[in-house]
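Participant: kindly return the folded structure for what I paste below:
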Amino acid sequence: MSDQRKTQKIEELSQKLSELKEQRNKLNAEAREWAEKRNKLNEQFKGLRVEALGLKNERDKLNERVKELKQQRDGTRTEFHEKIEEIRKINQEIKALAKKEPSRSVQNLQREFESIEWKIQTSSLSLKEEKELVERVKQLETQLNVYRKLDQLNQKIIELKTELKALETKSRLFHEKLTETALKSQQIHEKMLEKIDDSKKLKTEADSLHKLFLQTRERAKPIQEEILEISNQIRGLKEEVQREEDKEKKKIEEALREKLEKQAREKLRRGEKLTWEEFQLLAEKGVVAQD
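Facilitator: Below you'll find the predicted structure:
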């Protein structure tokens, strides 16, 4: 095949390659579009499944709450009387402890306590002085403990009374709360079923899009294979053309070299001055040395 024919063939193949790449790119773009739509639906599917799971957890919690409310309804009265009895016992303990309440205020005792502790830590004391101060600290601590215990008991009564009020409120609202919670649980259950149904429809649609994506990719495969084949053909032809061009160039250079050598020999024979290039050429041939 002549170089001209090879060049023409390269142009034809390049045109075909361009057309094939355009087809492949269109198919790849189509595949990406199917994939994007599929991925979007899959994300929506995942979101619905998460929502459905959240609703299920919420429903289960409400059902557990219904059970708890029923148990509380049965146990509220007993718990209420137990707390009343606890308050009564604490009041008796407060009355007994009040008889031991120091005459000095808690602030006064605390100031003295802190003053003595500071003195023990920072002053240089004799063993006797330190022992007396330590004994006084113990006495103050005992008196302060009375106040602390009274404060704890009073705080406990406040807490128990608060709990009693909460129990009274629960007792009044049990029936209403049970009905309300059970109804809400049913509503959430229905919403959960709707989410599951919607997610199944989305999944089916996403699977269909995935099939289209795979089909489009399959259609692009033979085109890509043909692109590789034609690219290899073009590369091979270009290499052949390049080899022919190199061969022709070498042939021309050789002819020119022979012409210059002939001219140099003629000049040498006539005794004319040679150029440096002519001298080198004849020297390579050993002509100058022989002459």
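Participant: now Lys249: which helix or strand?
Facilitator: Following DSSP states H and E, the helix or strand that holds Lys249 is helix 127-270.
Participant: how close does Glu30 get to Leu164?
Facilitator: Look at Glu30 and Leu164: by C-beta to C-beta, to the nearest Å, they are 72 Å apart. No exception for glycine: its C-beta is placed from N, CA and C like everyone else's.
Participant: low-scoring stretches of the stretch 151-291 of the chain, by residue?
Facilitator: 287-291 (pLDDT under 70).
Participant: is it true that Thr76 touches Arg172?
Facilitator: No - if you go by C-beta atoms under 8 Å, Thr76 and Arg172 don't touch, sitting 10.2 Å apart.
Participant: of the two, who's got more company?
Facilitator: With neighbours defined as other C-beta atoms under 10 Å, Thr76 and Arg172 compare such that Thr76 has more, 15 against 10.
Participant: next, the angle from the strand or helix carrying that one to helix 127-270.
Facilitator: In this assignment (DSSP H and E), Thr76 forms part of helix 3-98. When axes from the mean of the first three to the mean of the last three C-alpha atoms, to 10 degrees is applied, the directions of helix 3-98 and helix 127-270 differ by 180 degrees.
Participant: so which elements touch helix 3-98?
Facilitator: Helices and strands touching helix 3-98, by 3 or more C-beta pairs under 8 Å, 6 or more residues apart in numbering; DSSP states H and E, are helix 127-270.
Participant: for the helix or strand following the helix it packs on, name the packing helices and strands.
Facilitator: Counting by DSSP H and E, the next helix or strand C-terminal to helix 127-270 is helix 276-285. Packing partners of helix 276-285 (3+ C-beta pairs under 8 Å, 6+ apart): helix 127-270, helix 287-290.
Participant: list the buried residues in helix 276-285.
Facilitator: Across helix 276-285, burial judged by 16 or more other C-beta atoms under 10 Å covers Glu278, Leu281, Leu282.
Participant: how far away is the first one from Arg269?
Facilitator: Glu278 sits 13 Å away from Arg269, taking C-beta to C-beta as the criterion.
Participant: just Arg148 next, same as before
Facilitator: For Arg148, the distance to Arg269 equals 135 Å [C-beta to C-beta].
Participant: neighbour count: these two, which is higher?
Facilitator: Taking neighbours as other C-beta under 10 Å, Arg148 and Arg269 compare with Arg148 leading, 12 against 9.
Participant: which ones are touching the more buried one?
Facilitator: By C-beta atoms under 8 Å, 6 or more residues apart in numbering, Arg148 lies in contact with nothing.
Participant: now the helix holding Thr76, how far from the centre of its chain.
Facilitator: Relative to the centre of its chain, helix 3-98 is centred 14 Å away, using C-alpha atoms, centre = their mean, to the nearest Å.
Participant: apart from its chain neighbours, what residue comes closest to Leu69?
Facilitator: In this structure, Leu69 finds its nearest non-sequential neighbour in Leu178, 5.1 Å apart by C-beta to C-beta, 6 or more residues apart in numbering.
Participant: quick one: that neighbour and Lys67 touch, right?
Facilitator: No - with contact defined as C-beta under 8 Å, Leu178 does not reach Lys67; the gap is 10.1 Å.
Participant: and those two? Which one has more around it.
Facilitator: Leu178 (16 against 9).
Participant: contacting residues for that one?
Facilitator: Residues near Leu178 by C-beta under 8 Å, 6+ apart: Val66, Leu69, Lys70, Arg73.
Participant: and if we set it to 7 Å?
Facilitator: Taking C-beta atoms under 7 Å, 6 or more residues apart in numbering as the criterion, Leu178 is in contact with Val66, Leu69, Lys70.
Participant: from Leu228, how far off is Lys221?
Facilitator: 11 Å.
Participant: joint contacts of these two?
Facilitator: Between them, Lys221 and Leu228 share no contacting residue under C-beta under 7 Å, 6+ apart.
Participant: what is the burial count for Arg59?
Facilitator: Using other C-beta under 10 Å, Arg59 is surrounded by 19 other residues.
Participant: same question but for Arg38, I mixed them up
Facilitator: For Arg38, the count of nearby residues is 19 (other C-beta under 10 Å).
Participant: pLDDT score for it?
Facilitator: On the pLDDT scale, Arg38 is placed at 92.
Participant: so what's it closest to, chain neighbours aside?
Facilitator: Distances taken as C-beta to C-beta, 6+ apart put Leu209 closest to Arg38, at 3.9 Å, once the chain neighbours are dropped.
Participant: equivalent analysis for Glu58, please.
Facilitator: In this structure, Glu58 finds its nearest non-sequential neighbour in Ile188, 5.5 Å apart by C-beta to C-beta, 6+ apart.
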